[in-house]
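**Q** sequence unavailable; structure follows:
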């Protein structure tokens, strides 16, 4: 018979249930240990002298995108048409 006719079974290096459990536990524990070591040793340091770390720059990055303005509930009500509102906001060019 030729070599192509013979079939070999694939053999896994894990042969017992105990080896399987060991490999599965190690697959979870090893990355967690690596993350903890990175956190404990400091990983990347933050240089507070950089302009991006100034209080003003930080405040600009975390400021709200929009602001809400609440009107007084007792304020005088003014009835306007849609055209008056558009003209008031955008001016005469878009009216």
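**A** The structure has been received and is ready for your questions. Fair warning: this is a prediction, and the values are worked out from it, not measured in the lab. Residues are numbered from 1 along each chain as shown.
**Q** which SSE is immediately downstream of the helix or strand hosting residue 58?
**A** Assigning secondary structure by DSSP states H and E places residue 58 in helix 55-62. From helix 55-62 onward toward the C-terminus, using DSSP H and E, the following helix or strand is helix 82-90.
**Q** for that next one, packing partners?
**A** Packing contacts for helix 82-90, counted by 3 or more C-beta pairs under 8 Å, 6 or more residues apart in numbering; DSSP states H and E, involve no helix or strand. (C-beta placed from N, C-alpha, C; glycine too.)
**Q** how about residues contacting the helix holding residue 58?
**A** The contact list for helix 55-62 (C-beta atoms under 8 Å, 6 or more residues apart in numbering) reads residue 51.
**Q** now do the longest helix seen in the chain, average pLDDT.
**A** What stands out as the longest helix in the chain, according to DSSP state H, is helix 17-41. Model confidence over helix 17-41 averages 92 on the pLDDT scale.
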